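[1] I'd like to go over a predicted model; first the sequence, then the structure.
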Amino acid sequence: MVFGKIEYLNLLPFHVFMKRFTKSSQQSMSMHYNRGVPSKINKKFLSHKVDAAFISSIRAKKHKHVNLGIIAKKEVLSVLVIPHVENLNDSDSETSNVLAKILNVQGEVLIGDKALRYYLQNKPRVDLAKKWNEKYNLPFVFALLCFHKDRNFYKKVEKNFLKSRVKIPRYILNEASHRTQISQKDILNYLKHISYDFDAKAKKGLVKFYKEALKIK
């Protein structure tokens, strides 16, 4: 079983959970990870080089998934547009590039940990999830946990992850801080803005995104 692992901070609680969960399941010996940024993991999933991953919403539409996602109820801090005369996409992203077009926000799209670092510098920026919420009063779903096989396993992951309160060990938090050059305090504050529950309101938000995305093609 090959899992596409995106090592952004927004999935840190999930990766901590999975490390523990797979140790206590029969999947532990067969679980392998293929690492990459969202756009690369999307391609690997579509070509069946990975069996499951958090897939960008714009690519997840026709694929099997569980009710887990990367969701912002309001602001997200790590999906930004930096004001520029020229519009520039982030090559790491697919969904956020489309979102910027839907919202007609001009400038350079920036996602992930590098975007969070930029946000923490208090420089001019537009938080795309916040702007989406202001316009539609809906959460924004950036990705869904999709799979090609082993549905029962990922349903168990969904059930157990949503009911767990993941505490990130200090050594992992320290490693993440060192890797991203973001303080532990800022990481923990950032994670308060991330939801993983693909609930009824999040589903409405995703349906709205798909509808609006069709208009810009």
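    Good, I have the coordinates.
[2] so what's residue 77 closest to, chain neighbours aside?
    residue 119 (4.9 Å; Cβ to Cβ, 6 or more residues apart in numbering). The way it works is simple: take the backbone N, C-alpha and C, and place the C-beta from them, glycine included.
[3] any idea which helix or strand of this structure has the worst average confidence?
    Within the chain, no helix or strand scores below strand 32-35, which has a mean of 82 by mean pLDDT, DSSP states H and E.
[4] residue 206 - that's part of a strand, no?
    No: assigned with DSSP: H, G, I helix; E, B strand; the rest coil, residue 206 falls outside any strand and is helix.
[5] burial measure for the residue nearest to residue 77, as a count.
    Residue 119 has 21 neighbouring residues, counting by other Cβ atoms under 10 Å.
[6] tell me the pLDDT of it.
    Residue 119 is assigned a pLDDT of 97 by the prediction.
[7] may I ask you to confirm that it is in contact with residue 126?
    No: judged on Cβ atoms under 8 Å, residue 119 makes no contact with residue 126 at a distance of 10.7 Å.
[8] list residues touching both of these two?
    Taking Cβ atoms under 8 Å, 6 or more residues apart in numbering as the contact rule, residue 119 and residue 126 both touch residue 80.
[9] where does the closest residue to residue 92 other than its chain neighbours land on pLDDT?
    Leaving aside its sequence neighbours, residue 92 sits nearest to residue 37 (Cβ to Cβ, 6+ apart; 4.0 Å). The model reports residue 37 with a pLDDT of 89.
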